[in-house]
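Q: 3D, please:
(2 chains)
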Amino acid sequence: GENVEQHPSTLSVQEGDSAVIKCTYSDSASNYFPWYKQELGKRPQLIIDIRSNVGEKKDQRIAVTLNKTAKHFSLHITETQPEDSAVYFCAASDSWGKLQFGAGTQVVVTP
Amino acid sequence: GAVVSQHPSWVICKSGTSVKIECRSLDFQATTMFWYRQFPKQSLMLMATSNEGSKATYEQGVEKDKFLINHASLTLSTLTVTSAHPEDSSFYICSASWGGRGSTDTQYFGPGTRLTVL
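A: Next up, the predicted model:
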């Protein structure tokens, strides 16, 4: 089955700097890669997703890149703000439509 | 749009009792609903996938007789934890998608249910 690895597990950045989270996946048939943001005790919120027919997608300060050959995808957050502090999860969808999540990255943005 | 609700938001029960958790899609028809469990500071682990009108598909290691799932309509799925024990204490989260089996439509998550078994 699909296996998703996510790095780093924790990431501290100064406000205004950029944050990058990287994930790799194992199933070459995976074709959908969402990113979720989860605040403590709350539901995961979809922040951006990408499908295998594109290599990059951007939404304001958030961007995701996908390299299908290398089977890795990354989340980029620019101009970080304190409200960006949360746990971020990457995920890959297998051929059954089920999501396999990475272990999560705790992002802390310090003013 | 794409709002998913869960009820209750938290529940405390005694060991050996059963607890039912409801997951509803409020503004769309959810052909597929997923149930996850999340332990503190860990990732989401898929427990089962349910499609309206058919039996749920459970992930390896998840006891189907302990975690009963019913998806009777396109807007409601329920998870019943039977004979709950302290090790079942966790955050249970559902998600809903309008795509059918094998679809990669976006999953929208409910707010989660915090279960504590004494």
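
Q: what about the residue in chain A that chain B sits nearest to, neighbour count?
A: For chain A, the residue closest to chain B is A:Tyr32, as judged by CB to the nearest CB, at 3.8 Å. Any C-beta I mention is one placed from the backbone N, CA and C, and that applies to glycine too. Residues lying near A:Tyr32 (other CB atoms under 10 Å in any protein chain shown) number 19.

Q: correct me, but it touches A:Ser93?
A: Yes: counting by CB atoms under 8 Å, A:Tyr32 touches A:Ser93, with 3.9 Å between them.

Q: Provide a list of residues in contact with the residue of chain A closest to chain B.
A: Residues near A:Tyr32 by CB atoms under 8 Å, 6 or more residues apart in numbering or on different chains: A:Asp49, A:Ile50, A:Arg51, A:Ser52, A:Ala92, A:Ser93, B:Thr104.

Q: you'd agree A:Glu83 is in a helix?
A: Yes: counting by DSSP: H, G, I helix; E, B strand; the rest coil, A:Glu83 falls inside a helix.

Q: gap between the closest residue to it other than its chain neighbours and A:Trp35?
A: Nearest residue to A:Glu83, sequence neighbours excluded (CB to CB, 6 or more residues apart in numbering or on different chains): A:Val109, at 7.9 Å. Note on A:Val109: its distance to A:Trp35, by CB to CB, to the nearest Å, is 17 Å.

Q: Any of the contacts of A:Tyr32 buried? List them.
A: Restricting those to buried positions leaves A:Asp49, A:Ile50, A:Ser52, A:Ala92, A:Ser93, B:Thr104, with burial counted as 16 or more other CB atoms under 10 Å in any protein chain shown.

Q: Check which helix or strand the second one maps to.
A: Element membership for A:Ile50, per DSSP states H and E: strand A:45-51.

Q: ok, whichever helix or strand comes after that strand: who's next to it in the sheet?
A: Using DSSP H and E, the next helix or strand after strand A:45-51 towards the C-terminus is strand A:56-59. Sheet pairing for strand A:56-59, assigned by DSSP bridges, gives strand A:62-67 (antiparallel).

Q: Centre of the chain to the partner strand, how far?
A: Strand A:62-67 sits 8 Å away from the centroid of its parent chain (CA atoms, centre = their mean, to the nearest Å).

Q: Just the CA coordinates for that strand, please, in PDB.
A: Taking C-alpha atoms only, strand A:62-67 is exported to PDB below (Å, rounded to 0.1, in the frame of the first residue of the first chain):
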ATOM      1  CA  ILE A  62       0.900  29.000  -0.200                       C
ATOM      2  CA  ALA A  63       2.300  26.800  -3.000                       C
ATOM      3  CA  VAL A  64       2.700  23.100  -3.700                       C
ATOM      4  CA  THR A  65       5.100  21.500  -6.100                       C
ATOM      5  CA  LEU A  66       4.900  17.900  -7.300                       C
ATOM      6  CA  ASN A  67       7.600  15.800  -8.900                       C
END
